[in-house]
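K.L.:
just to be clear, the model below is a prediction. Sequence and coordinates:
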Amino acid sequence: MRTRTLAAAAALALTVVGCASSTDSPDTNSGPITIGLSAPLSGPAAALGENERNGVQLAIDQINQDGGLLGSRKLTLAAQDNACNPTDGVGSVTKLITQQQVSAVIGALCSGVTLAAMPLAKRYQVPLVVATSTSPDITTAAGKGGNDFTFRINPSDATLAVALSSYLHKAGDVRKVAILAEDSTYGRTGAAALQKALNDKGITVTGVDFVAQGTSDFSTQISKYRNNGTQSVALYISGADHLSFLRQAASARLQLPVTGRVELEGQNLEILKDEQFAGSSSVYPYSSLIKTPANAKFAKAYESAHKTPPTYESFEGYSAVMVLADAISRAKSSDPKAIQKALVKTDFTSLTGGTVKFDAYHQAHDKAFILQIKNGKTVIVSDVVT
Amino acid sequence: MTAALHVHEPEETNDVMSRKSSSPLHKWLGGRHLGPLLPTAAAIALVPAVVTNDYFIDVANLALTFMVLGTAFNLLYGYVGMLSFAQVAFVGIGGYASSWLVTHTDLWQPVAFLAGGGVAALVAAVVGAVTVRLSEGAFAIITLSFTLLCAVVAAEWTGVTGGRQGIFGLPAPSLSLGPVDLVADTPRSYYYLLAGFTVLALWAMQRLVRSSAGTVMIAIRDNEPLAKAQGYATNNYKLAVFSFCAFVTGLTGALHVFRLTTIDPSIFDFYLMQVMLIIVILGGAGTFWPVAYSAVLFAVLPEMLRMADEARLIVYGALLVLGLLFLPQGVGGFLRARAMNRQLRDMRGGRS
Amino acid sequence: MPADRHLSVSAFSAGYLSGVPIVNDLTYGFASGSLTTIVGPNGAGKSSLLKGIYGLTRWCKGSIRIGDRDITALPAWGRLQAGISLVPQGRCNFPHMTVQENLQLGVYTLPRSNRAVAVAEALDQFPALAAQRTRAAGNLSGGQQQLLEIAMAMMVHPRVLLIDEPSLGLSPKARCQIFDKLKEITDHGVSVVMVEQNVIEGLAASDIAVVMVDGRIHRHGPAEEVLNDPEMKNVFLGGRPDTAAPGREPDRRRHDDDGI
Amino acid sequence: MDATYTWELLANGVVLGSSYALLAAGLAVIFGVLNVVNFAHGALYMLGAFAAYFFIPLTGYWIGILLTAATMAILGIVLQEGLLRRLPPDGAFSRSMLLTLGLAMIIQNGAIVLWGAGPRQLPEDSRPQGHLLLGDVIIPTGRAFIVVVAVATLGALYLLLNRTQVGRAMRGVSQNPTAALVVGISPERIGRLAMALGVGLAGIAGATLTPVFTVSPQMGITIVFKVFAIVVIGGLGSVPGAVIVAYLVGMLESFAGGYGSAMTQSISVFLFMIAIMLVRPQGLFSTEVRV
């Protein structure tokens, strides 16, 4: 009996050791430069994560085709799933940094995950480029806020909300707005920011509802909006839920325009074309319709690879790689600390025609766009520097 | 019902025969039952010496966490027969309670961790008071709903739990006593903390299982009405074990979230529960060490297989189904039955 | 009369744990058309014998015959079709269904066309039930429930009725009614095998007595004779006859109320 | 808020309750007859939705629903014969629970691998068009159909259980398995039938939602827990109890969401269950025999 116990204990030690032997030592001066990506590739936000990965991959392929960086060193992508929850997120970033020895991390799409990953970037001194998380708290904590290794290239929800409510105020036909947000950091901070911005402009918020991600039945909310004088519904929901809501609103004849963060593309657009949604609008940091030559090229390359126009996430993923590549070239090194120093001095022209330049809080101020549906087509109404 | 025959494990009988005398300290530590604990502790102590990469140390950290969680769940399901889906809730409650105490009060960290376990035990006592007297099915489903409710509360009670965002950037556990200043801020230093806790927790749980209370627990699992008829307050036993396991689980949860540096409502996801179930079923519900070792296997396996999450869960599901159909007593039960048969044969052989 | 109604077991063992027989190597032929009562101390294997014959124990060995037909290989419902009905110990009806519905389930194994007739017949033969036709079985008195269970068992016209402790928990008056009914059943040529704890009243109503101890038949004979045998007191007042195997603990009570 | 609003919430509650009732009745049948808590119920509901997603564009709405029900019923028999029946009898209760949990993991993650995690929706022309007007209350046709299908199915289930010999046999097995054996009911046959019914009902529940909602592999996760709660409140194993409570919960959620927030809506059922458990631990319509 004793021998069996010992054998089991030895096996336990060996399995762990067995894992350990598969490590390879990193080489920071030659060989490929690894860029880490932590994004939701499973769970309710998986589709968004997939879009971001496509954007990142496209950028890496383009750079490698053009001969790589630092004298023909190629870029490689290490992608880890974070399932849009902080716990998996921390695990994925730890794995990228400690095991896959990445030079920088792009992440983590969901705001909650990004906030949880930020302390790791600081602890291990590896730059974290935030490309799609919109929570204002990220800016507060980065740069002067204490976390020198976090950089954000996309605007925060607060700025987007201000831009949107100014537009709604100016447009003038909507005075009562209901907010429907998903129960996530994205939904909650987005809803809070919009509520504040709308109140500042004197627009009434008739109610804020947080629905669980993956919720399929919106009939209660739709009934509510129909009956409490709501004139427009602001959405902070993503992926499957977004489509679900629009479809149910359409078949229940809600007949109200939607606003907030609505992707006015793809299947959504098919539904929103209907007359009952006339006047729907949205604020987004990107649209495939942006008329700059750089964007046209990007959109064309993306469409030929994936058969759909690039989304916001694809664009931000692409931008993040480009910003990093720029920093690596200037740092003349793939060392994470050197890249961080170079990132601080970034001055980079974005596909949108805006400029990526980090302020004291490591927040860049690229452009954002107010979009609207006119005659069944999405059009850019205005752009603002965030 | 055959399990009644398993109360005395072969190891025990062997140990009784091989060790006639022992020191009082040895006895208090668990005497003859100490057996497998020492080599296991030695193996745990060996890991940092042979594993160089921090990432794999972190995998080992997870293995230790699973070991305690799996064993605590085994205590409930394997030994008392309570299919509790609230274990994952206690992980979360312990994690949240300790995180809140550390970030919002000046409470000394070790005390905050213990308080995490304490809060979990307290909640368990309240939940248990209502549910332990219910039928197996009702108990399972209500503990399940309790877990779901915890997830909603964690997401909603923004003031305390930080809502969806949770509580993040948790400080590394540290202990300053005069000149000694210990900080567990790397996977390696964390491993020492966790290893100490794991050995202690395994010792305590094994001690419980091998005590007279442990025998009552098994009696409850095998025939509760009979145990009751013999004058045991079975509901009190169940409540006590439920709370004790919640304490251990809550404390493990606290250590788990401080290692991750973050806690959010996803801690209540069903995933952790599925892992605990697999560990216990395939290890062998009601066998102590096989379950502990299978926890290590299921922490290390995903790293070796390198599969997508979905594929892994399909494999886990299939393992669960196949295990239940073809190895219903788990690996531990299989080994035990084999050892017992051998012993019976030996006894017969010896007599003739 | 009919040899084909003759229930017999030979070298019959049955139990719940494989290799631990409760009924132990028993050979006996039950008399046709008469009321046989099995008595014996707790744990003697009386209930297990009935369950074993009906096919509800986990395992059994030896053979069971009805007339010349060996039915050992049949599952429970197969034995039912072969002509054995069982009324087990404890309540054995469907408490949330009406008496009528219970009777309708009683004829579950009959061809569809015969069912209505059988139900009507049963109501005819058990007038006490006919009056309660629309009440839920669970709401009837104990005696009425026992009657209902007997009625259900008799609807398929069995050759043998096995009945386990029908008098349990009944008033003396209800007990008499049940025993009378059982005798009436034997009058129609059906063999009734009853297990009874209430030795005096049970044997008084019976034709033949079988005394079981430790899974074996200790003695058998005309009920009256056995009832008046002074040695029997010994058996039932906790003592054990000399013939019992030494060193065996009557510790199998648990298995008796193990249910199925 | 006015009367129209109340009526509208009431209508929503009936639609919601209809889906819950189909699922809960299936779960209760399986529990009552087989004593199995079917953790795979949500996954099977999702499979039903996917089946309808493939059938309806080919065959139209009504035949699509029937085909789904038939396919799922057959799947139920396969699961019973291939898996559940083969469990060792010792501790079968908790083992069956874990077995179905494993099954749920396989089905759900298998669906993700097979069909991707993203949502799908029926093409516009395969969906029931238009809407009903009841006074001022607007009910989209697809949602009205949910109620129609549920009422018809549950009515048929009621007749089956109460007016046919085989239905009586199923109730018999759930009320007293021993007595059922004694009158000659074959537990294997009734077990197969119970799984066919239960899984078929889950399939119908999924199928009716396909034209209204999006279909995705994760759709079964949250709802199954809610349905567990409903069945517990109704008294484990009681089919009428499950159906009544399903409609009650539908109303409760609709009004909790309508007058409170989406969050009160999602926790209302669990709070309801805890309250009931404190007062009546055996559930509202417990059959005493079980639990």
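P.N.:
Yes, it's here.

K.L.:
switch to C-alpha atoms for all contacts and neighbour counts from now on
P.N.:
Will do.

K.L.:
so where's the stretch 201-350 of chain B uncertain?
P.N.:
Residue ranges of the stretch 201-350 of chain B with pLDDT under 70: B:305-309, B:348-350.

K.L.:
quick one, helices of it?
P.N.:
Here the stretch 201-350 of chain B has its helices, by DSSP state H, counting those that start in this stretch, at B:212-222, B:224-229, B:234-260, B:270-283, B:288-305, B:309-326, B:330-351.

K.L.:
also the stretch 101-250 of chain A?
P.N.:
Remark: helices assigned in the stretch 101-250 of chain A by DSSP H, counting those that start in this stretch are A:111-124, A:136-141, A:157-171, A:185-200, A:219-227, A:239-251.

K.L.:
quick one, the first one and helix B:234-260 angle?
P.N.:
Taking axes from the mean of the first three to the mean of the last three C-alpha atoms, to 10 degrees, one finds helix A:111-124 and helix B:234-260 inclined to each other by 60 degrees.

K.L.:
report all helices and strands that helix A:111-124 contacts.
P.N.:
The contact analysis (3 or more C-alpha pairs under 8 Å, 6 or more residues apart in numbering or on different chains; DSSP states H and E) places helix A:111-124 against helix A:86-94, strand A:128-130, helix A:136-141, strand A:150-152, helix A:185-200.

K.L.:
in that helix, which residues are buried?
P.N.:
A:Ser111, A:Gly112, A:Val113, A:Thr114, A:Leu115, A:Ala116, A:Ala117, A:Met118, A:Pro119, A:Leu120, A:Ala121, A:Lys122 (16 or more other C-alpha atoms under 10 Å in any protein chain shown).

K.L.:
would you turn those residues into JSON lines with pLDDT?
P.N.:
Shown next, in JSON lines, are these (pLDDT from 0 to 100):
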{"residue": "A:Ser111", "pLDDT": "85"}
{"residue": "A:Gly112", "pLDDT": "83"}
{"residue": "A:Val113", "pLDDT": "89"}
{"residue": "A:Thr114", "pLDDT": "92"}
{"residue": "A:Leu115", "pLDDT": "88"}
{"residue": "A:Ala116", "pLDDT": "86"}
{"residue": "A:Ala117", "pLDDT": "91"}
{"residue": "A:Met118", "pLDDT": "91"}
{"residue": "A:Pro119", "pLDDT": "88"}
{"residue": "A:Leu120", "pLDDT": "88"}
{"residue": "A:Ala121", "pLDDT": "92"}
{"residue": "A:Lys122", "pLDDT": "90"}
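
K.L.:
in a strand, A:Ala368, correct?
P.N.:
Yes - counting by DSSP: H, G, I helix; E, B strand; the rest coil, A:Ala368 is part of a strand.

K.L.:
who does it form a beta bridge with?
P.N.:
With beta bridges defined as DSSP bridges, A:Ala368 has these partners: A:Val384.

K.L.:
how about the worst-scoring helix or strand of chain D on mean pLDDT and chain B, any contact?
P.N.:
Each helix and strand of chain D was given a mean pLDDT (mean pLDDT, DSSP states H and E); the minimum falls on helix D:262-279 at a mean of 79. Yes - against chain B, helix D:262-279 shows contacts by C-alpha under 8 Å from any C-alpha of the partner chain at D:Ile267, D:Phe270, D:Leu278.

K.L.:
by neighbours, which of those wins?
P.N.:
Scoring those on neighbours with other C-alpha atoms under 10 Å in any protein chain shown, the highest-scoring entry is D:Phe270 at 22 neighbours.

K.L.:
who's in contact with it?
P.N.:
B:Ser145, B:Leu149, D:Lys226, D:Ala229 (C-alpha atoms under 8 Å, 6 or more residues apart in numbering or on different chains).

K.L.:
chain C: which of those is nearest?
P.N.:
Nearest to chain C among the contacts of D:Phe270, counting by C-alpha to the nearest C-alpha, is D:Ala229 at 23.7 Å.

K.L.:
tell me the secondary structure for that closest one?
P.N.:
D:Ala229 - assigned by three-state DSSP - is helix.

K.L.:
run a quick neighbour tally on it.
P.N.:
Neighbourhood size, D:Ala229 [other C-alpha under 10 Å]: 29.

K.L.:
quick check: it touching B:Leu144?
P.N.:
No - contact criterion C-alpha atoms under 8 Å: D:Ala229 and B:Leu144 do not qualify, at 9.4 Å.

K.L.:
one step back: pick the most buried one from the helices of the stretch 201-350 of chain B.
P.N.:
Mean neighbour count (mean count of other C-alpha atoms under 10 Å in any protein chain shown) peaks for helix B:234-260 among these, with a mean of 26.

K.L.:
and that one, does that touch chain D?
P.N.:
No - judged by C-alpha under 8 Å from any C-alpha, helix B:234-260 stays clear of chain D, getting no closer than 15.3 Å.

K.L.:
picking that back up, could you dump the helices of the stretch 201-350 of chain B to CSV with distance to chain A?
P.N.:
Putting the helices of the stretch 201-350 of chain B into CSV (distance: least, C-alpha to the nearest C-alpha, whole Å) gives the following:
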stretch, distance to chain A
helix B:212-222, 21
helix B:224-229, 31
helix B:234-260, 6
helix B:270-283, 11
helix B:288-305, 7
helix B:309-326, 8
helix B:330-351, 9
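
K.L.:
in TSV: those helices, plus distance to D:Gly260.
P.N.:
Compiled in TSV, the helices of the stretch 201-350 of chain B are given as follows (distance: least, C-alpha to C-alpha, whole Å):
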stretch	distance to D:Gly260
helix B:212-222	44
helix B:224-229	44
helix B:234-260	33
helix B:270-283	28
helix B:288-305	43
helix B:309-326	36
helix B:330-351	48
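
K.L.:
this completes my enquiry, with thanks.
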